[in-house]
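Student: Below are the sequence and a predicted model for it; my questions follow.
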Amino acid sequence: MTQIRLRNSLTRKVEDFTPIDAQNVRMYLCGPTVYDRAHLGNARPVVVFDVLYRLLRHVYGEDHVTYVRNFTDVDDKINATALARQKAGAEGSLEDLIRARTEETIGWYHDDMEALGALSPTHEPRATDYIGAMIAMIEKLVAEDHAYAAEGHVLFRVRSYKDYGALSGRTVDDMIAGARVEVAPYKEDPMDFVLWKPSDANEPGWDSPWGRGRPGWHIECSAMSYELLGASFDIHGGGIDLQFPHHENEIAQSCCAHPEGSFARYWVHNEMLQVEGKKMSKSLGNFFTVRDLLDAGLPGPEPVPGAVIRYVFLQTHYTKPMNWRQAYAVSAKRRLDIWSSEVDTDETVKAEFGVSPKTKDLFAKKYVGQAVLDALCDDLNTSLALTKLIATGKEVEGLAGAQISGDEKLAIRRRLVAGCWLLGIDLVQYAKETTAKSVDLTAFESKLSDLRVRAMEAGKAAISKEEKAAAFAPVDAMKASLVAAGVEVRMSKVGVELLPGPDFDPAKLEDL
């Protein structure tokens, strides 16, 4: 079997990955706090671990990998938005309004990550759906003397876990000296952290043995991972900013609550993101969301396709800081445009690739080049994988392509499409979208608009419903043909607007 190697933050070494159970490979990723749109930095771990998810599925089989990515939907910013809506007259309890707000933001998140080519995880638990599991874990920690109640709070005794600090490589005393820790009179030790905290009337809360309150952040992932993956699982991922204290705290409370397990065996962390060489921040004017890029192209002049954003991400190894530059996006789009122009003319490849993820996975399994697979198995070397794909693409470009047979071109295009799919780039869909954007629908807009004007004039003179329906029949017929071709038809008092949809097929417009 193909051997995957990963950098394990716990051992600080690149190691052979050996799952606990090859029939059920398990991975957990700390997901977003869904208080608003996902910014570009939020997207990096999604892309990194989506590539790992795809690789695990490729090596072990789609049905033998379980991937969990949570949503934190208990947060002060979420609470503030819900409270403002309640004060403005919105109906429902504070918890109901928080649920409504996070339904909205989770929907945005799904749309944005799908645009970047991310597959849906096996499970996407919401913290508020696992409050009971969190309370049960906290009760067990208290019973085992690893936690204590004080003034409505429950805190974890950090010094009760002898291996605390192993992940970040620091002792507890070093952490106290070098970190900002919350000083509170109810703490036995400055490093002790909150498992449960009290809620007032303006905060969401749940009944517990310690009074009405809500969970601390760290306990959420421990409870959800245990419920969905068990006391021991293979991979825990997240941004390097979560290594301490979040992941360190997760390990301590999970291992103390479930000493029969080892919690996560491999810890994989991605580095942070910069914009044009600087830390992304609102004060510097370089803060933008994934949706900003997709819709408006910020900070550039035009919208950036999701595949282009992903390509830029993949150019940097996940263990290195990633720098988003507009020039990189321009270069990435140029490369994808070249590849897609090759693929768009090959009906055999498009038919074999299919439309469902399962068909595409099977295509990749059959045709991916060994050099690309080897690069990904070597600690997710996506940059090297892209280099190999560029070399593959050049075999069919220009003069090189003119000197090889049709069968050779077909084999090369198969490898190109398969390699891109394993990296999370759907080259066939990208080609389709690029073609759609290049089609001018102005003439069809004018024709439909003229038909509509005539129909409205004829409709005014119509006496019966049948006569009115007959007047609008040409409009309805053309609209139906446009929709069948994958065109989104927007008609209003202002006029007619036609937009190519995701299933747009310009060939179906020929009859119009």
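Tutor: Received it, and whenever you're ready, just let me know what you need.

Student: where exactly do the helices run in the stretch 151-300 of the chain?
Tutor: All helices of the stretch 151-300 of the chain, identified by DSSP state H, counting those that start in this stretch, fall at 172-178, 217-229, 248-257, 290-296.

Student: quick one: contacts for residue 350?
Tutor: Residue 350 is in contact with 343, 344, 428, counting by Cβ atoms under 8 Å, 6 or more residues apart in numbering. From N, CA and C alone the C-beta is placed, and that goes for glycine too.

Student: Filter these down to just the ones in strands.
Tutor: Using DSSP state E, no member of the contacts of residue 350 falls within strands.

Student: So for the helix or strand harbouring residue 392, what gets flagged as buried?
Tutor: Assessed by DSSP states H and E, residue 392 sits inside helix 382-394. Neighbour counts over helix 382-394 (16 or more other Cβ atoms under 10 Å) mark 382, 384, 385, 386, 388, 389, 392, 393 as buried.

Student: I'd say the last one and residue 336 touch.
Tutor: No - between residue 393 and residue 336 there is no contact under Cβ atoms under 8 Å: 10.1 Å.

Student: Select, out of the helices of the stretch 151-300 of the chain, the one closest to residue 284.
Tutor: Across the helices of the stretch 151-300 of the chain, the minimum distance to residue 284, taken as Cβ to Cβ, is reached by helix 290-296, at 15.0 Å.

Student: Please spell out which residues along that closest one are buried.
Tutor: 290, 291, 292, 293, 294.

Student: Show me what that helix is in contact with.
Tutor: Under Cβ under 8 Å, 6+ apart, the answer for helix 290-296 is 37-40, 42-43, 108, 112-113, 115-116, 298, 300, 303-306, 309.

Student: Now, the residues you listed that are in helices?
Tutor: Under the assignment DSSP state H, the contacts of helix 290-296 contribute 40, 42, 43, 108, 112, 113, 115, 306, 309 to helices.

Student: what sits against the fourth one?
Tutor: Applying Cβ under 8 Å, 6+ apart to residue 108 gives the contacts 37, 38, 291.

Student: And residue 65, its phi and psi?
Tutor: In terms of degrees, to the nearest 10, the main-chain angles of residue 65 are phi -130, psi 130.

Student: And the pLDDT for it?
Tutor: Here the pLDDT value assigned to residue 65 is 98.

Student: Provide a list of residue ranges in this structure with pLDDT below threshold.
Tutor: Flagging of the chain using pLDDT under 70 yields the residue ranges 176-182, 436-438, 502.

Student: now the helix or strand containing residue 401, how far from the centre of its chain.
Tutor: Here residue 401 is covered by helix 398-402, with elements defined by DSSP H and E. What separates the centre of helix 398-402 from the centre of its chain is 38 Å, taken as Cα atoms, centre = their mean, to the nearest Å.

Student: what's the following helix or strand after it?
Tutor: helix 406-422.

Student: got the buried residues for stretch 269-283?
Tutor: 269, 270, 271, 273, 274, 275, 280.

Student: List the residues that contact the fourth one.
Tutor: When you say that, I think you mean residue 273. Per Cβ under 8 Å, 6+ apart, neighbours of residue 273: 40, 41, 44, 280, 321, 322, 323, 324.

Student: dump the residue contacts of residue 205.
Tutor: 198, 199, 212, 213, 214.

Student: Tell me how many other residues crowd the second one.
Tutor: Put plainly, it is residue 199. 17 (other Cβ atoms under 10 Å).

Student: roughly how far apart are the residue lying closest to it once chain neighbours are set aside and residue 214?
Tutor: Nearest non-adjacent residue to residue 199, counting by Cβ to Cβ, 6 or more residues apart in numbering: residue 205, 3.2 Å away. Separation of residue 205 from residue 214 (Cβ to Cβ, to the nearest Å) stands at 6 Å.

Student: do residue 367 as well
Tutor: Relative to residue 214, and taking Cβ to Cβ, residue 367 is found at 50 Å.

Student: picking up where we left off before, determine which two of the contacts of residue 273 are furthest apart.
Tutor: 40 and 321 (13.4 Å).

Student: Looking at these two, which one has more neighbours?
Tutor: Each of residue 40 and residue 321 has its neighbours counted (other Cβ under 10 Å); residue 40 has more, 22 against 13.

Student: I'd say residue 303 and residue 329 touch.
Tutor: No - between residue 303 and residue 329 there is no contact, the gap being 10.6 Å when judged by Cβ under 8 Å.

Student: Looking at these two, which one has more neighbours?
Tutor: Higher neighbour count among residue 303 and residue 329: residue 329, with 21 against 15, using other Cβ under 10 Å.

Student: Quick check: which element contains that one?
Tutor: Residue 329 belongs to helix 326-344, assigned by DSSP H and E.

Student: number of nearby residues for the nearest residue to residue 116 once chain neighbours are set aside?
Tutor: Residue nearest to residue 116 in three dimensions, not counting chain neighbours: residue 306, with 4.6 Å by Cβ to Cβ, 6+ apart. Residues lying near residue 306 (other Cβ under 10 Å) number 25.

Student: In contact with residue 306, which residues?
Tutor: Residue 306 neighbours (Cβ under 8 Å, 6+ apart): 115, 116, 117, 294.

Student: how far away is it from residue 372?
Tutor: Applying Cβ to Cβ to residue 306 and residue 372 gives a distance of 21 Å.

Student: helix, strand or coil for the closest residue in space to residue 14 that isn't next to it in sequence?
Tutor: Leaving aside its sequence neighbours, residue 14 sits nearest to residue 7 (Cβ to Cβ, 6+ apart; 4.9 Å). Classification of residue 7 using DSSP: H, G, I helix; E, B strand; the rest coil returns strand.

Student: isn't residue 7 right next to residue 320, touching?
Tutor: No - using Cβ under 8 Å, residue 7 is not in contact with residue 320, being 11.3 Å away.

Student: Compare these two (neighbour count), which wins?
Tutor: residue 7 (18 against 11).

Student: In contact with the more buried one, which residues are there?
Tutor: Shown in contact with residue 7 (Cβ under 8 Å, 6+ apart): 13, 14, 15, 268, 319, 379.

Student: again with residue 400
Tutor: Contacts of residue 400 by Cβ under 8 Å, 6+ apart are residue 394.

Student: if I look at it, how far off is residue 392?
Tutor: Here the criterion is Cβ to Cβ. By it, residue 400 lies 11 Å from residue 392.

Student: one step back: name the member of the contacts of residue 7 with the most neighbours.
Tutor: For the contacts of residue 7, neighbours tallied by other Cβ under 10 Å; top is residue 268, 25 neighbours.

Student: Provide a list of residues in contact with that one.
Tutor: Residue 268 is in contact with 6, 7, 8, 9, 49, 52, 235, 236, 237, 318, counting by Cβ under 8 Å, 6+ apart.

Student: Next: residue 289.
Tutor: Residue 289 touches 37, 38, 39, 40, 112, counting by Cβ under 8 Å, 6+ apart.

Student: Just name the closest of the ones in helices among the contacts of helix 290-296 to residue 433, please.
Tutor: Using Cβ to Cβ, the ones in helices among the contacts of helix 290-296 come closest to residue 433 at residue 306, 9.5 Å.

Student: from what I can see residue 297 touches residue 304, true?
Tutor: Yes - when contacts are counted by Cβ under 8 Å, residue 297 is listed as touching residue 304 (5.4 Å).

Student: and those two? which has more neighbours close in?
Tutor: residue 304 (22 against 15).

Student: Please state the backbone phi and psi of the more buried one?
Tutor: According to degrees, to the nearest 10, residue 304 has phi -110, psi 120.

Student: Not counting residues beside it along the chain, what's closest to it?
Tutor: Excluding its sequence neighbours, the residue lying closest to residue 304 (Cβ to Cβ, 6+ apart) is residue 293, at 4.6 Å.
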